[in-house]
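Chemist: Everything below, folded, please.
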Amino acid sequence: MALVSALKRLAFNNLRSYSRRTAAVSGLTVHRSLTTVQPLRSENKVTVNFINRDGEKISVKASPGDTLLDVVINEDLDFDGFGACEGTLACSTCHLIFDEEVYKKLGPVTDEEMDMLDLAYGLTDTSRLGCQICLTKSLDGVVARVPESVADIRQTKDGSS
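Modeler: Okay, the predicted model is just below:
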């Protein structure tokens, strides 16, 4: 997911400057142009509030469309072990807990996500995986609590991968 976010930023930066090209194709003149895309202004951002394992509230601004895992990675938030599989639904390390009213806004839970959540420590009725939650403007001000411990199901009993 971090790679996808980096590629989005790169494409975004390249679209900011545009050029017009004229090409002659079989005697016809074709005009091609790229539209100019402005970077997202702060009013187009969504505020996300994380409560870390120490109870500290960390507020960041993120772009609609980013997952909560993208936000943690892009903002370089230090949640030990968080997002170990980089959003491939192969672990439960991006497990987050939400208040009931926020949980209802998050959309449906897939069977694959439920399977991973079953393996998470501290599972609650309002638990979700951050890699599966895409931000929208309606989630502005969302509060997500990071559970006290992490379970990376990719680890064997002896701690090796």
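
Chemist: Run through the protein and note the low-pLDDT ranges.
Modeler: Residue ranges of the chain with pLDDT under 70: 1-43, 151-161.

Chemist: can you map out the helices along it?
Modeler: 2-16, 68-74, 100-105, 111-117 (DSSP state H).

Chemist: mind exporting the shortest one as CSV, just the C-alpha atoms?
Modeler: Taking Å, rounded to 0.1, in the frame of the first residue of the first chain, the C-alpha atoms of helix 100-105 are listed here in CSV:
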residue,chain,number,x,y,z
GLU,A,100,-20.1,2.2,17.6
GLU,A,101,-21.4,5.2,15.6
VAL,A,102,-18.2,5.4,13.6
TYR,A,103,-18.1,1.6,13.1
LYS,A,104,-21.6,1.8,11.4
LYS,A,105,-20.2,4.4,8.9
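
Chemist: Tell me which residues of that helix come out buried.
Modeler: Residues of helix 100-105 classed as buried by neighbour count (16 or more other Cβ atoms under 10 Å): Val102, Tyr103. (Glycine included, C-beta is placed from N, CA and C.)

Chemist: ok, which stretches of this structure are strands?
Modeler: Applying DSSP state E to the chain gives strands spanning 20-25, 28-33, 46-51, 57-62, 95-97, 127-129, 142-145.

Chemist: so Arg145 makes contact with Leu96?
Modeler: Yes: using Cβ atoms under 8 Å, Arg145 is in contact with Leu96, at 6.6 Å.

Chemist: Pick out whichever of the two has more residues nearby.
Modeler: Neighbour count, other Cβ atoms under 10 Å: between Arg145 and Leu96, Leu96 has more, with 27 against 21.

Chemist: who touches the closest residue to that one other than its chain neighbours in this structure?
Modeler: What sits nearest to Leu96 in space, not counting adjacent residues and going by Cβ to Cβ, 6 or more residues apart in numbering, is Ala144, at 4.3 Å. Counting by Cβ atoms under 8 Å, 6 or more residues apart in numbering, Ala144 makes contact with Val48, Asn49, Phe50, Ile51, Leu68, Leu96, Ile97, Phe98, Gly130.

Chemist: from these, which single one is nearest Ala62?
Modeler: Comparing these against Ala62 with Cβ to Cβ places Val48 closest, at 5.3 Å.

Chemist: Spit out the contact partners of the closest one.
Modeler: Ser59, Val60, Lys61, Ala62, Leu68, Val71, Leu135, Leu139, Val142, Ala144.

Chemist: who touches the closest residue to Tyr103 other than its chain neighbours in this structure?
Modeler: Counting by Cβ to Cβ, 6+ apart, Thr126 is the residue found nearest to Tyr103 once chain neighbours are left out, at 4.0 Å. Counting by Cβ under 8 Å, 6+ apart, Thr126 touches Ile97, Phe98, Asp99, Glu100, Val102, Tyr103.

Chemist: Lovely, talk soon.
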